[in-house]
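Chemist: Pasting the sequence and the predicted model now:
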Number of protein chains: 2
Amino acid sequence: MLSKNKIKFIQSLARKKNREAEKLFLVEGDKMVAEALESPLSVRLLCATDEFLADNPKLATKAAEVVEATDDEIRKASLLQSPQHALAVVAMPEVQFDPNTLNNQLSLALDFIQDPGNLGTIIRLADWFGIEQLLCSENTVDCFNPKVIQASMGAIFRVKVHYLNLPDSLQQAQKHKLPVYGAFLEGQNIYQHQLSETGILVMGNEGNGISPEVEQAVTEKIHIPSFASNETGSESLNVSMATGICLSEFRRRQI
Amino acid sequence: MLSKNKIKFIQSLARKKNREAEKLFLVEGDKMVAEALESPLSVRLLCATDEFLADNPKLATKAAEVVEATDDEIRKASLLQSPQHALAVVAMPEVQFDPNTLNNQLSLALDFIQDPGNLGTIIRLADWFGIEQLLCSENTVDCFNPKVIQASMGAIFRVKVHYLNLPDSLQQAQKHKLPVYGAFLEGQNIYQHQLSETGILVMGNEGNGISPEVEQAVTEKIHIPSFASNETGSESLNVSMATGICLSEFRRRQI
């Protein structure tokens, strides 16, 4: 049985302040919870129906505490509109940022991404395109926000997300001769631009793009051109879509 | 003033049955409404605040009927959680499907796309990548669904969307030697596959992919490979993201 106190505690993780105080976050949905249990992360609490527990006997043993709950109890604790049969409270991974690790790979940096759905989608993309590290400006939405977790489809368990002073970190990278690509409406045509296998790709805010402080650290401005035949077409692509198309373009050149 | 009857009528357009009976659809949000007024489509009714009307005096004359409304009245009529200052009732464009027009261009076909957000995003992508015609299976979500309209960001006013018997239409295209590309998990690596400038790209359902009937009309199976270093990565990309990456790959080869 899921106690009132536990329900209250689970729901408290909707707020960033509480997540940070506890260093815990909430994972919902059968598939996501199963992925959390399979991941190296520490699952502190698993609340699930008898059916879920019967279907996943081995996985359930990986949780520090297991509470069998009814669908109704899970619905009460859930932040989702359509709760499923399991939810888990997971310890935030400890990620140490080592700037030297950026030298041999392509990384992604986000400057003030506000929408949780966009951040979750971008984390999923990073996972797909083999991007191990995501550098986020401090004002980017929290990656442990429940909506980000849901949209990441489990990729949050694999991609390392760092929140840091983005202009400073990029200036450091620039000093080490690492190319810093930034997506700008007035950038060079990405399809014709030379792209390095290592470096950092920076994507900016949904409404305002890359901030002036971050722009100063960008060494190459790129842009996805429109192929619309007239000039009355769409003005821009959504930032997560633009990220996917840019990552695809970087990666395919390595084949 | 926006009468109770008009409010009821506007809200009735949330339902496909009513939209089809009236051949009308609803557009919300200041920017989208302005785009509708700028488009060749016929705006039958514009409901807007005095401020919106003062800011867009020329545009407002393009509507057959203009009703000045308060923010409160617009809120009552609106289907959005955060209504803005204008909404418009627009006549559905008459689109005639001529299979011969497919011969000289790249077109996009959707097999049972269910999510309105995905369809809207795909219409926006089609607009960006200069795809003039979108062929939808009859069970694909209605493109005049208010959520599709919002997600399309105005692209619905420019891209021609046809609902038709997709297996039949694709079989016809195949007979005319038009390549029919289909996105499959087990398809060829898109980055290494030869892609024609003309043809049809088919994307499948969110959960089940391309149906067996449509698969029979596909001449080339393609796939976006993952670049994740381990095998525990994400299983797939969202269909709208995959569509964006595929269209980018088709188009960049033409440069």
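Modeler: All right, it came through fine.

Chemist: Remind me which helix or strand the most centrally placed residue in chain A belongs to.
Modeler: Centroid-nearest residue in chain A: A:I123, 3.3 Å away (criterion: CA atoms, centre = their mean). When secondary structure is defined by DSSP states H and E, A:I123 falls within helix A:116-128.

Chemist: so, in contact with chain B or not, that helix?
Modeler: Yes: residues of helix A:116-128 are located near chain B by CB under 8 Å from any CB of the partner chain, namely A:121, A:124-125, A:127-128. (Glycine included, C-beta is placed from N, CA and C.)

Chemist: Generate CSV for those residues, with pLDDT as supplementary columns.
Modeler: Below are the residues of helix A:116-128 next to chain B laid out as CSV (pLDDT from 0 to 100):
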residue, pLDDT
A:T121, 98
A:R124, 96
A:L125, 97
A:D127, 96
A:W128, 96
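
Chemist: hmm, back to that, wait, isn't the residue nearest to the centre of chain A in contact with A:S152?
Modeler: Yes: shown here, A:I123 and A:S152 form a contact pair, counting by CB atoms under 8 Å, at 4.2 Å.

Chemist: and for the two, which residues touch both?
Modeler: Jointly contacting A:I123 and A:S152 under the rule CB atoms under 8 Å, 6 or more residues apart in numbering or on different chains are A:143, A:159.

Chemist: ok and the residue in the stretch 1-150 of chain A nearest chain B?
Modeler: Chain B sits closest to A:G130 of the stretch 1-150 of chain A, with a gap of 3.7 Å, by CB to the nearest CB.

Chemist: For that residue, which non-adjacent residue is closest in space?
Modeler: Spatially, and ignoring its direct neighbours in sequence, A:G130 is nearest to B:F227 (3.7 Å; CB to CB, 6 or more residues apart in numbering or on different chains).

Chemist: cool, A:A63 as well?
Modeler: Here the residue nearest A:A63, using CB to CB, 6+ apart, is A:L46, at 3.7 Å.

Chemist: in its sheet, what does the host helix or strand of the one you found sit against?
Modeler: Taking DSSP H and E as the definition, A:L46 sits inside strand A:43-48. Its sheet considered, strand A:43-48 pairs with strand A:66-68 (parallel), strand A:86-91 (antiparallel) by DSSP bridges.

Chemist: Next, the buried residues of that strand.
Modeler: Neighbour-count burial for strand A:43-48, with 16 or more other CB atoms under 10 Å in any protein chain shown as criterion, is recorded at A:43, A:45-48.

Chemist: what does stretch A:147-167 give?
Modeler: Neighbour-count burial for stretch A:147-167, counted by 16+ other CB under 10 Å, picks out A:147-163, A:166-167.

Chemist: Could you do stretch A:222-230 as well?
Modeler: By neighbour count on 16+ other CB under 10 Å, the buried set for stretch A:222-230 is A:222-228.

Chemist: Pull the distance from that stretch to the chain's centre.
Modeler: 27 Å (CA atoms, centre = their mean, to the nearest Å).

Chemist: try stretch A:161-179
Modeler: Chain-centre distance of stretch A:161-179: 19 Å, with CA atoms, centre = their mean.

Chemist: cool, and stretch A:63-70?
Modeler: Using CA atoms, centre = their mean, the offset of stretch A:63-70 from its chain centre is 27 Å.

Chemist: Tell me, how many residues neighbour A:F97?
Modeler: 13 (other CB atoms under 10 Å in any protein chain shown).

Chemist: so what's it up against?
Modeler: A:135, A:162, A:164, A:169.

Chemist: what do you get for A:L79?
Modeler: Residues near A:L79 by CB under 8 Å, 6+ apart: A:11, A:14, A:26, A:28, A:146.

Chemist: does it count as helix, strand or coil?
Modeler: coil (DSSP: H, G, I helix; E, B strand; the rest coil).

Chemist: For it, report the pLDDT, please.
Modeler: A:L79 carries a pLDDT value of 93.

Chemist: again, but for the one 4 residues further on
Modeler: A:P83 carries a pLDDT score of 91 in this model.

Chemist: Point me to the helix or strand that includes it.
Modeler: Using DSSP H and E, A:P83 falls within no helix or strand.

Chemist: ditto for A:L41
Modeler: Assessed by DSSP H and E, A:L41 sits outside every helix and strand.

Chemist: what's the burial count for it?
Modeler: Residues lying near A:L41 (other CB under 10 Å) number 20.
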